[in-house]
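*Asks:* sequence unknown, structure follows:
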């Protein structure tokens, strides 16, 4: 954890294990993440707690708590979505996928599927859920993003808007590697995602506006690429208020050093020169690292 200029860098964990899908919980003092087949939390003092582990799962892709902290959306085994109350006491007793239906308040969401389910994101009001899953497009399966209204307990929650990118818009590298490794939703209109060109996940950055079904472009090109108008980016993430965008950047013509940026989204395209967080030179020793930065809710 660090300030927005990179100062006061604090290491919260020291187990050297790979972590994914970082998320600040609504209290702003607890960070949730997936480690292997377990979901854990760490607070600002470095105290780690295990929420639950899915011991028999082949894949554990996501565990996203709703903005009000009342629900959690869980993606398991590249197939199913579960939506259950975020009750840590009850979740701690869960070990298997089959334990989840007993916790659910809606039978249709425990599970919902089967789909090739992957990453998930809630809307700000907790009524909509954006999901990545594999969909047959032409002769192959491609990752797509789709938003569903899960506010009512129905067998087929209605889709909101279109599937994308699919055939809806072009992303460099998507035809060759049709995967979405990470995306972020501001919870209302804007989606940030990147194509895959190099180093296991870096590519051009795209912003999709779901209110008008258009890409937010920069100087007439589909990719927005706010740093030097150059590639490459990964792991974009919106701030809780949707005004800032953070991401990992790796200049395509450089020595592959990974940098972290936090920029005001409204200033993209204005000619502003953005600066990266000041981090130690060896902070990301692996050039194919997936940093997955997330912004903490502002505190008074």
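*Replies:* Nice, thanks for sending it over. Please read these numbers as outputs of a predicted model, since none were measured by experiment.

*Asks:* so where do the strands sit in the stretch 51-200 of the chain?
*Replies:* For the stretch 51-200 of the chain, applying DSSP state E, counting those that start in this stretch gives strands covering 60-65, 71-76, 80-85, 116-122, 128-137, 140-149, 159-164, 183-185, 190-194.

*Asks:* ok, and what's touching the fourth one?
*Replies:* Taking CB atoms under 8 Å, 6 or more residues apart in numbering as the criterion, the residues outside strand 116-122 that touch it are 21, 61-62, 64-67, 73, 75-76, 78-81, 128-135, 141, 143, 180, 182-185, 187. Every residue, glycine included, has its C-beta placed from N, CA and C.

*Asks:* partner strands of that strand and their direction?
*Replies:* strand 128-137 (antiparallel) (DSSP bridges).

*Asks:* then the last one?
*Replies:* Counting by DSSP bridges, the strands paired with strand 190-194 are strand 183-185 (antiparallel), strand 205-209 (antiparallel).

*Asks:* okay, the strands of the stretch 51-200 of the chain in JSON lines with distance to residue 110, mean pLDDT and mean neighbour count next?
*Replies:* Output for the strands of the stretch 51-200 of the chain, formatted as JSON lines (distance: least, CB to CB, whole Å; pLDDT from 0 to 100; neighbours: other CB atoms under 10 Å):
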{"stretch": "strand 60-65", "distance to residue 110": "14", "mean pLDDT": "97", "mean neighbour count": "22"}
{"stretch": "strand 71-76", "distance to residue 110": "9", "mean pLDDT": "97", "mean neighbour count": "24"}
{"stretch": "strand 80-85", "distance to residue 110": "5", "mean pLDDT": "97", "mean neighbour count": "21"}
{"stretch": "strand 116-122", "distance to residue 110": "13", "mean pLDDT": "95", "mean neighbour count": "22"}
{"stretch": "strand 128-137", "distance to residue 110": "14", "mean pLDDT": "95", "mean neighbour count": "20"}
{"stretch": "strand 140-149", "distance to residue 110": "15", "mean pLDDT": "96", "mean neighbour count": "18"}
{"stretch": "strand 159-164", "distance to residue 110": "20", "mean pLDDT": "95", "mean neighbour count": "16"}
{"stretch": "strand 183-185", "distance to residue 110": "23", "mean pLDDT": "98", "mean neighbour count": "23"}
{"stretch": "strand 190-194", "distance to residue 110": "26", "mean pLDDT": "97", "mean neighbour count": "24"}
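
*Asks:* all set, thanks.
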